[in-house]
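Asker: Give the three-dimensional model of this entry:
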Amino acid sequence: MSHGLFCPSFSGQNFKTGLMVGAAFVVMATAAQAQDAQQQTDQTIVFAPISIDAKADVITGGVQIEQEDLDRANPETMRDVFRQEPAVTVSSPIGISQQIHVNGVEDTNLAVDIDGARQANKTYHHIGTTIMDPGMLKAVKVETGVAPADAGPNALAGTISLEMKDGRDFVAPGDNFGGFGKISFNSNTDGFTEEAAVAGRMGGLDIMAYGMTSDGHAYEDGDGNTVEGSDPAADNLLFKVGYTADNGYRVKFAAQHFDDLAVRPPRPDFDFSGGNPAPTEYRRQNYTLSFGDETPTEMWDPKLRLAYTNTRLDMTTTMNRFNAVAHVEADIQTLNGKASNTFTTDVGKITTGLDFYNDVGKGGRSGYKGTEKASNVGAFVQARTSWTDDLRTSVGTRYDFSRLEGHDNSKNTANGASVNANIEYDITNQFMGYAGAGSTFGGFQLGEIGLARSANTYDGMEASRSTNYKVGLVYEYDKITIDGNTYWTQINDALLLNKSNRADNATIHSRGFNISGSYKYGNGFVRAGFAANNTRINSQYLDGRSADYLGQDMGKSFNLEVAHTIDPYGLTLGTTNQLMLPDESQKGITVSGLDGYFVSNIYAEWYPEMLEGLNLRLDVKNLFDHMYSDRSNVGINSESAATGTIASFYEPGRSFILSARYDF
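Answerer: Just a heads-up that it's a prediction; the model follows:
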């Protein structure tokens with residue numbers, strides 16, 4: 001039983017084909033040259049060292065995505081990362097406006113970190129909050145609902161933790177150099193994405209540099225219509241350097257710069273026919289300094305982290321329907337840190353420590369600029385214990401002091417405790433039951449900086465608090481695993497971050513169940529999932545225009561993934577599929593309720609034996625070229641019966657993506 005608590009015209013189709021084949025031959029030639037130079041005879045080895053950024057395994061019922069899963073997904077955006085996870089959905093086909101929802105609750109109500117660095121990105125409610133290039137992801141961990149105390153503050157509906165690769169992930173033991181190069185072509189956008197990483201190691205020192213750039217044209221939807229403002233235009237630079245001393249102490253510095261500079265719709269998260277696309281600049285910088293001990297003792301297993309993030313947005317919104325032109329600016333800086341130590345006892349591990357953040361947001365709309373400041377200091381303890389061979393628990397508490405200073409220099413303070421408890425029990429050799437409950441203090445957070453107004457008021461603000469429950473059952477027998485759970489989340493005084501009266505709040509209710517199962521055999525697997533989610537704001541059906549920073553009703557969905565490897569040829573074939581069931585209960589709130597749809601994707605991946613380290617892959621997304629809008633898109637609930645003018649982005653039509661990657 002698994003123990004989750006621990007553990008022929010020039011612009012026609014022929015030209016596109018020529019580009020793809022040419023790109024493949026360029027990479028193949030490079031691979032051959034590198035192979036001759038290095039006289040490689042073995043497959044590339046990936047070194048998996050202990051990471052000072054890694055967190056404990058997620059609690060059973062959560063989501064844990066490892067390197068193998070990420071390689072199989074071949075993600076272009078964060079939506080691809082979570083495509084087969086029933087509990088997690090990602091809105092918008094455009095990376096700059098993607099928002100992650102966990103059991104229907106938006107990620108602004110979760111504690112989100114990248115390599116342990118807390119993210120605070122509430123620039124504008126039409127812009128996403130966890131925008132990133134997934135090309136360097138190493139692991140993804142999501143706590144659904146009940147969050148451990150050491151995950152950080154503001155974890156009202158769970159946590160999202162993203163761990164990135166460093167130099168040691170590319171350099172095999174005994175070698176001093178490694179990396180990869182990758183090029184992809186998308187037939188729908190006529191665009192290329194180029195990625196490259198170079199890493200080196202000498203003694204205890206390791207270093208890595210990575211770059212990604214993407215370009216292309218606006219994609220076409222399933223009916224062949226061009227979706228204006230959907231051009232790929234992201235760039236990412238990542239640098240990491242680490243040093244491991246002989247005594248096991250390790251220090252690491254990471255710097256990342258990500259930007260998306262393009263012409264976007266006036267509201268980039270959904271199509272708005274009454275407005276004109278305009279230049280939009282989004283930039284984010286992350287800097288993280290970490291320290292840990294990779295040879296810990298029972299009483300000494302420290303982790304220290306200091307991080308700085310700066311997120312900036314500059315855009316012009318032109319909305320003809322309101323005869324209005326607005327300039328939106330936002331600059332958010334956060335300095336955050338954490339210090340902890342884990343003690344190992346006869347029954348498990350106890351982690352205790354302190355964390356803090358200091359956020360400053362400057363910006364506004366149409367000439368007005370204001371400043372908000374939010375800060376928090378917290379102390380925590382989390383005990384992950386195994387009492388018997390069959391019984392395990394994870395119990396923790398934290399206490400936070402929260403403060404918010406408004407545009408008008410007003411000050412609001414609050415403090416409160418958070419508690420969580422989870423239990424696993426092996427009922428038989430095949431069945432394990434688990435349950436969890438928690439009450440979380442949310443404190444105060446920065447409002448939406450891009451909508452700062454002179455009329456902002458702060459009197460009467462209340463700190464938010466959530467209650468979470470989860471009960472589930474795992475069945476494991478031979479090659480079969482089934483995991484099902486039911487959950488209930490309520491967030492009281494959820495902050496309406498885009499309102500001028502910051503005392504305005506709402507109550508979020510999310511309930512439902514998730515079930516997933518897999519069958520693994522020698523050369524492949526079959527994995528299926530079903531999710532049923534009911535999310536309400538103030539007990540009412542959701543209207544997407546008023547649900548920003550809160551959540552989305554995801555309804556019912558099925559997922560199916562199949563993959564099979566043909567060993568003699570080094571070939572893997574796979575497919576991912578999603579079926580969303582229609583829901584007409586919201587008629588009158590939206591024009592047609594929630595439409596149902598089915599979308600299928602297939603892929604083929606080849607590792608040619610004669611060119612070790614080379615990987616060629618073809619993805620066909622939206623295989624049947626369906627015209628649909630993803631259920632998690634914000635605009636799906638915004639096409640109101642009253643106005644009928646606001647509509648969700650339609651997803652890309654059939655897209656052929658050819659990629660070639662060489663690891664050296």
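Asker: what about Asp259, how many neighbours?
Answerer: A count of nearby residues for Asp259, using other C-beta atoms under 10 Å, gives 18. All C-beta spots, glycine's among them, are computed from the backbone N, C-alpha and C.
Asker: any idea how far it lies from Glu294?
Answerer: Look at Asp259 and Glu294: by C-beta to C-beta, to the nearest Å, they are 34 Å apart.
Asker: where does Thr108 fall, phi/psi-wise?
Answerer: Here is the backbone geometry of Thr108 (degrees, to the nearest 10): phi -70, psi -10.
Asker: so what's it closest to, chain neighbours aside?
Answerer: Of all residues not flanking Thr108 in the chain, Tyr549 sits nearest, at 4.7 Å (C-beta to C-beta, 6 or more residues apart in numbering).
Asker: packing partners for the strand or helix carrying Leu304?
Answerer: If you go by DSSP states H and E, Leu304 is part of strand 302-319. Secondary-structure packing of strand 302-319 (3 or more C-beta pairs under 8 Å, 6 or more residues apart in numbering; DSSP states H and E): strand 117-118, strand 275-276, strand 278-293, strand 324-345.
Asker: mind redoing it with 10 Å?
Answerer: strand 111-114, strand 117-118, strand 249-264, strand 275-276, strand 278-293, strand 324-345, strand 348-365 (3 or more C-beta pairs under 10 Å, 6 or more residues apart in numbering; DSSP states H and E).
Asker: Check which element follows the helix or strand bottoming out on mean pLDDT in the chain along the chain.
Answerer: Here the helix or strand of the chain ranked lowest by mean pLDDT, DSSP states H and E is helix 13-38, holding a mean of 36. For helix 13-38, the following helix or strand on the C-terminal side (DSSP H and E) is strand 63-65.
Asker: other SSEs contacting that next one?
Answerer: Applying 3+ C-beta pairs under 10 Å, 6+ apart, we find strand 63-65 packed against strand 137-144, strand 158-164.
Asker: Parallel or antiparallel, which strands does the shortest one pair with?
Answerer: Spelled out, that is strand 158-164. Strand 158-164 sits in its sheet next to strand 111-114 (parallel), strand 137-144 (antiparallel), going by DSSP bridges.
Asker: Compare these and give me the one nearest Asn422.
Answerer: Closest approach to Asn422 among those (C-beta to C-beta): strand 137-144, 9.8 Å.
Asker: Mind listing what's buried along the closest one?
Answerer: Neighbour counts over strand 137-144 (16 or more other C-beta atoms under 10 Å) mark 137-144 as buried.
Asker: now do stretch 419-426
Answerer: Using 16+ other C-beta under 10 Å as the test for burial, stretch 419-426 gives 420, 422-426.
Asker: Which ones among the residues you listed map onto strands?
Answerer: 420, 422-426 (DSSP state E).
Asker: Any chance of a markdown table for the residues you listed, columns distance to Ile59 and pLDDT?
Answerer: Listed next are those as a markdown table, based on distance: C-beta to C-beta, whole Å; pLDDT from 0 to 100:
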| residue | distance to Ile59 | pLDDT |
| --- | --- | --- |
| Asn420 | 9 | 97 |
| Asn422 | 5 | 96 |
| Ile423 | 10 | 96 |
| Glu424 | 8 | 96 |
| Tyr425 | 14 | 96 |
| Asp426 | 16 | 96 |
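Asker: ok, back up a step: figure out how far the strand holding Leu304 is from the centre of its chain.
Answerer: Centroid separation for strand 302-319 versus its chain: 15 Å, with C-alpha atoms, centre = their mean, to the nearest Å.
Asker: With stretch 83-101 instead?
Answerer: Distance of stretch 83-101 from its chain centroid, counting by C-alpha atoms, centre = their mean, is 8 Å.
Asker: Ok, stretch 338-358 next?
Answerer: Counting by C-alpha atoms, centre = their mean, stretch 338-358 is centred 25 Å from the centre of its parent chain.
Asker: quick one: terminal-to-terminal distance for that stretch?
Answerer: Taking C-alpha to C-alpha, to the nearest Å, stretch 338-358 runs 12 Å from one end to the other.
Asker: likewise stretch 97-117?
Answerer: The straight-line separation of the ends of stretch 97-117 (C-alpha to C-alpha) is 21 Å.
Asker: which one of the helices and strands packed on strand 302-319 lies closest to Ala660?
Answerer: Among the helices and strands packed on strand 302-319, strand 249-264 sits nearest to Ala660 (C-beta to C-beta), with 23.9 Å.
Asker: Who are the packing partners of that closest one?
Answerer: strand 205-214, strand 234-244, strand 278-293, strand 302-319.
Asker: So for the second one, what gets flagged as buried?
Answerer: For strand 234-244, the neighbour count (16+ other C-beta under 10 Å) marks 234-242, 244 as buried.
Asker: Over to the shortest one?
Answerer: For strand 205-214, the buried set under the neighbour-count rule, 16+ other C-beta under 10 Å, comprises 206-214.
Asker: Same check on stretch 335-351?
Answerer: Under the neighbour-count criterion of 16+ other C-beta under 10 Å, stretch 335-351 has 335-338, 340-343, 348-351 buried.
Asker: which one among the residues you listed gets closest to Glu298?
Answerer: Using C-beta to C-beta, the buried residues of stretch 335-351 come closest to Glu298 at Phe343, 6.9 Å.
Asker: is the closest one in a bridge, and if so with what?
Answerer: In this entry, Phe343 is beta-bridged to Ile350, by DSSP bridges.
Asker: Neighbours of Asn468, how many?
Answerer: 26.
Asker: for the closest residue to it other than its chain neighbours, what are its contacts?
Answerer: Here the nearest residue to Asn468 in space, its sequence neighbours aside, is Gly145; by C-beta to C-beta, 6+ apart that works out to 3.9 Å. By C-beta atoms under 10 Å, 6 or more residues apart in numbering, the residues touching Gly145 are 59, 61-62, 87, 102-103, 105, 110, 155-159, 420, 436-438, 440, 466-470, 485, 487-489, 510.
Asker: Flag the shaky bits of the stretch 451-600 of the chain, pLDDT-wise.
Answerer: Applying pLDDT under 70 to the stretch 451-600 of the chain flags residues 542-546, 585-593.
Asker: Of the helices and strands packed on strand 249-264, which shows the lowest average pLDDT?
Answerer: The weakest mean pLDDT among these belongs to strand 302-319, with a mean of 89.
Asker: who does that one pair up with?
Answerer: For strand 302-319, the pairing partners within the sheet under DSSP bridges are strand 275-276 (antiparallel), strand 278-293 (antiparallel), strand 324-345 (antiparallel).
Asker: could I get those strands as JSON lines with distance to Val395?
Answerer: Output for these, formatted as JSON lines (distance: least, C-beta to C-beta, whole Å):
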{"stretch": "strand 275-276", "distance to Val395": "51"}
{"stretch": "strand 278-293", "distance to Val395": "24"}
{"stretch": "strand 324-345", "distance to Val395": "14"}
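Asker: closest to Glu584 out of those?
Answerer: Among the strands paired with strand 302-319, strand 275-276 comes nearest to Glu584, with 29.6 Å by C-beta to C-beta.
Asker: As a check, name the ranges of all strands in the stretch 451-600 of the chain.
Answerer: Along the stretch 451-600 of the chain, counting by DSSP state E, counting those that start in this stretch, strands occupy 464-477, 480-495, 505-521, 524-537, 555-566, 571-580, 597-606.
Asker: Redo those as TSV? Include distance to Gly450.
Answerer: Formatted as TSV, the strands of the stretch 451-600 of the chain follow (distance: least, C-beta to C-beta, whole Å):
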stretch	distance to Gly450
strand 464-477	21
strand 480-495	16
strand 505-521	20
strand 524-537	22
strand 555-566	30
strand 571-580	31
strand 597-606	32
